[in-house]
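K.L.:
any chance you could fold what I've pasted below:
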Amino acid sequence: MGVGVWEPGDKAENNEVDAILLARLIKFARLVGDTVTSAALREHQLESAHWLMTLEADTWALANDLASKDLVRLIRFFTLLEAQISGWDAGKRSPVIALVKLLQARNEFDPALRKWIKANTDNRYLPYGSVL
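P.N.:
Next up is the predicted model:
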């Protein structure tokens, strides 16, 4: 029996979000209604991807190439994920903030989505981020 070297965290934690991972997230987000479950995360092999929730905002620039409806799906998905699954807390580094900024840059962030986010989160930073 050999002895391996333990490295903390998920290997993917050290990587940026790439097109393949983004496509997997969108695919899952399309299936999500009003509830995200741990079982569904496992089924889609995303249960250990909680590191996504605190990436730097510029990481999500890749999502700028997405259709607006997919941005909205991701915003809803990440909002529900943080609110419903323990350990997926994001605070002021939530991907929702970066994705909302992408929609705002397109002038496609509507008040109804803002209200939905506020109604479905306890994160005081959503949807716009920190005031400072």
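K.L.:
might you list the low-confidence residue ranges for the protein?
P.N.:
Counting by pLDDT under 70, the low-confidence segments of the chain come to 1-15, 132.
K.L.:
does residue 38 touch residue 85 like I think?
P.N.:
Yes: using CB atoms under 8 Å, residue 38 makes contact with residue 85 at a distance of 6.2 Å. Glycine gets a C-beta too; all of them are placed from N, C-alpha and C.
K.L.:
residue 53: neighbour count?
P.N.:
Using other CB atoms under 10 Å as the criterion, residue 53 is surrounded by 19 other residues.
K.L.:
equivalent analysis for residue 111, please.
P.N.:
For residue 111, the tally of surrounding residues (other CB under 10 Å) stands at 7.
K.L.:
residue contacts, it?
P.N.:
Residues in contact with residue 111, defined by CB atoms under 8 Å, 6 or more residues apart in numbering, are absent; none qualify.
K.L.:
from residue 127, how far off is it?
P.N.:
As judged by CB to CB, to the nearest Å, residue 111 and residue 127 stand 11 Å apart.
K.L.:
just the CA coordinates for the longest helix along the chain, please, in CSV.
P.N.:
For the chain, the helix that runs over the most residues, judged by DSSP state H, is helix 68-84. Included here for helix 68-84 are C-alpha records, laid out as CSV according to Å, rounded to 0.1, in the frame of the first residue of the first chain:
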residue,chain,number,x,y,z
SER,A,68,-29.5,36.5,-21.9
LYS,A,69,-32.0,33.8,-21.1
ASP,A,70,-29.1,31.5,-20.0
LEU,A,71,-27.7,34.3,-17.9
VAL,A,72,-31.1,34.6,-16.2
ARG,A,73,-31.2,30.9,-15.6
LEU,A,74,-27.7,31.0,-14.0
ILE,A,75,-28.7,33.9,-11.8
ARG,A,76,-31.8,32.1,-10.6
PHE,A,77,-29.8,28.8,-10.1
PHE,A,78,-27.0,30.5,-8.1
THR,A,79,-29.6,32.4,-6.0
LEU,A,80,-31.5,29.3,-5.1
LEU,A,81,-28.3,27.3,-4.6
GLU,A,82,-27.0,29.7,-2.0
ALA,A,83,-30.3,29.9,-0.2
GLN,A,84,-31.2,26.2,-0.2
